[in-house]
Each structure stands twice: as C-alpha cells, then as structure tokens.
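> attaching a predicted model along with its sequence, questions to come.
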Amino acid sequence: MDWTWFLSATAFAVAMSATPGPNNTMVVASGATYGFARTVPHMLGIAAGFPVMLVVLGTAGLPLLTDPRVHAVLKWVGAAYLLWLAWKIANADPDPADPATTASGRPLGALQAALFQWVNPKAWIIAAGALATYTAQGEGGSLAATLLLAVLFGLVALPCLGFWTLIGVGTARILRTRRGIRLFNLAMAGLLVASLVPALRE
C-alpha cells in the first residue's frame, strides 16, 4: 500500500458512497419526512454497518462473495426487505403541525440501518469490488488493507449521507405541504424499487 493505493481507494469510497442507491434514497426520504436530526441515527448505522460488513467479508466471509447459493438467498431476501422499506417510505405521514421538518412515524434506527447493509444489493457489489481491487487476498497486507478500506468508507460515508439528507430536508422546505412531501416520498419509494432491477436481472 502506498499513496497511489490510498488516493485510488479514497476516490472509490467517495464515488460509491456519494452515488445514488438504496442507502442514499432512504436518507433523502427520511430527511424530507423526519428532518435532519431524526435521520442522524440512520446515517450513523450506515456509516458503521458497511465498514463492519467489509471487515467480516474481507477476513472470514470471502466464500460468501463467490457462493451462488448465498447470492440467490441474499438477492431475494434483500428484494423483499427493500420492498417493505419502500412501502414504509411511501406511507410515511408527515406531521400536519410541521410538515416540512418532522413526521409522526419512526425513522429507521441505527441498528436497523446497520443490519440493512447485509441485504443491500449495492453494498454487496461495492464490498466485492473493493476487496477484489484493493486487497491482496492471501498476502500479509490483506488484513491491513481491509481494515484501512473499512476506515475510509466509514470516514467518507457520513459527509455523503449528510449531503443526501440535506437534499431531503431542503426538498421538504420547498414543498411545504403535507401532500407535497407524501408525493415526494412516493417518488423516493419508486426509486428504491427501481434500484432492485439491476440486482434481480443478474
């Protein structure tokens, strides 16, 4: 590992964390419905959950990345869970007392968000790509590279998630009405369902 590795791995982590996907779609919807502060546990769960997943797969779970049976189970379990989350987003009801910033329901918690990474199709694709590209499996540097990758993803995740959450908060302030936010949430739910298409086609 050298500075070239570090810069390349950091750019990869930023690109994967910042681009649209289930995690970012959900925090946008949560920011619009529940506000920034109530979305913080969701963001922390993602920021901690994916690095833990990366370390587990990089140190003890490599067979999971290549076993087609595991992929099939995770694909359909993940699809079912994403559909349930999309239903929750679509039915999240903003509080009429302050529709632009808060809602009467409960946002996703830190533990739920962390566990979600294990059934998130994009998280598995990122983990497989990161481990294949930036670690030399079977060599002495493999563990160090895996741990450093996990730290990098943890560090870049929060700013990226915060940015997407603020997009949701800003959208809610523009829409201002309960009906507008509900329509926005329906759109986010639709995007979440659409994110399943590439994974289910495999």
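Great, that's in hand. Residues are numbered from 1 along each chain as shown.
> CA only for contacts and neighbour counts going forward, please
OK.
> please tell me how far residue 59 sits from residue 153.
16 Å (C-alpha to C-alpha, to the nearest Å).
> which one's more surrounded, the two?
residue 153 (23 against 13; other C-alpha atoms under 10 Å).
> what helix or strand is that one located in?
helix 142-175 (DSSP states H and E).
> name the helices or strands packed onto that helix?
Secondary-structure packing of helix 142-175 (3 or more C-alpha pairs under 8 Å, 6 or more residues apart in numbering; DSSP states H and E): helix 3-18, helix 22-34, helix 36-59, helix 121-134, helix 178-194.
> please state the offset of that helix from the chain centre?
Distance of helix 142-175 from its chain centroid, counting by C-alpha atoms, centre = their mean, to the nearest Å, is 9 Å.
> which residue is nearest the centroid of the chain?
Taking C-alpha atoms, centre = their mean, the centroid of the chain lies closest to residue 23, which sits 2.6 Å from it.
> show me what contacts that residue?
residue 46 (C-alpha atoms under 8 Å, 6 or more residues apart in numbering).
> again, but for the one 5 residues further on
Each residue near residue 28 by C-alpha under 8 Å, 6+ apart is listed here: 164, 165, 166, 167, 168, 169, 188.
> low-scoring stretches of the protein, by residue?
The model of the chain has pLDDT under 70 over residues 1, 61-67, 70-71, 93-105, 136-141, 198-202.
> mind doing that once more with 50?
For the chain, applying pLDDT under 50 flags the ranges 96-103, 138-140.
> quick check: residue 22 touching residue 120?
Yes: using C-alpha atoms under 8 Å, residue 22 is in contact with residue 120, at 7.3 Å.
> so these two - more neighbours on which side?
residue 22 (26 against 23).
> roughly how far does that one sit from residue 130?
For residue 22, the distance to residue 130 - C-alpha to C-alpha - is 18 Å.
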